[in-house]
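[1] This is the structure alone, sequence omitted:
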């Protein structure tokens, strides 16, 4: 089974604002556990989610996990991601496509915020 993961971010018009998502994807490649690691953005930046899904399928993925890299359950999480999932499942019926909870809902988020505060510096 070829497992793929797509880190799905918002996207930005600001140059290099999406480097965090790209770095996290690279870190996941280093960690292992997924044969295919991709990233995508809903707006302003490429690749879009459809492109990332297509690439994963072309690389042989038969299971794709989409991780919405959002802190809050706004419109993208509550509307756009479910619509994307429905469309993707229609386009790739032989591929198991799953979506996780959004990153901000993870129970370790409070620990991450506390860690940042503990290491804070004057800017």
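    That came in fine, so what should we check first? Not measured: the values here are computed from a predicted model. Residues are numbered from 1 along each chain as shown.
[2] Which positions in stretch 87-97 come out as buried?
    Judged by neighbour count (16 or more other CB atoms under 10 Å), stretch 87-97 contains these buried residues: 88, 92, 95, 97. Where C-beta positions appear, they are placed from N, C-alpha and C, glycine not excepted.
[3] Going along the chain, name the strands of this protein.
    Along the chain, counting by DSSP state E, strands occupy 3-9, 36-41, 63-68, 96-99.
[4] For this structure, which element, helix or strand, carries the lowest mean pLDDT?
    When each helix and strand of the chain is scored by mean pLDDT, DSSP states H and E, helix 75 comes last, with a mean of 90.
[5] do you know how far residue 92 is from residue 44?
    25 Å (CB to CB, to the nearest Å).
[6] Tabulate the buried residues of stretch 87-97 (JSON lines), appending distance to residue 110 and pLDDT.
    Shown next, in JSON lines, are the buried residues of stretch 87-97 (distance: CB to CB, whole Å; pLDDT from 0 to 100):
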{"residue": "88", "distance to residue 110": "31", "pLDDT": "96"}
{"residue": "92", "distance to residue 110": "36", "pLDDT": "97"}
{"residue": "95", "distance to residue 110": "34", "pLDDT": "98"}
{"residue": "97", "distance to residue 110": "30", "pLDDT": "97"}
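[7] Now intersect those with the helices, please.
    In this view, those that belong to helices under DSSP state H are residue 88.
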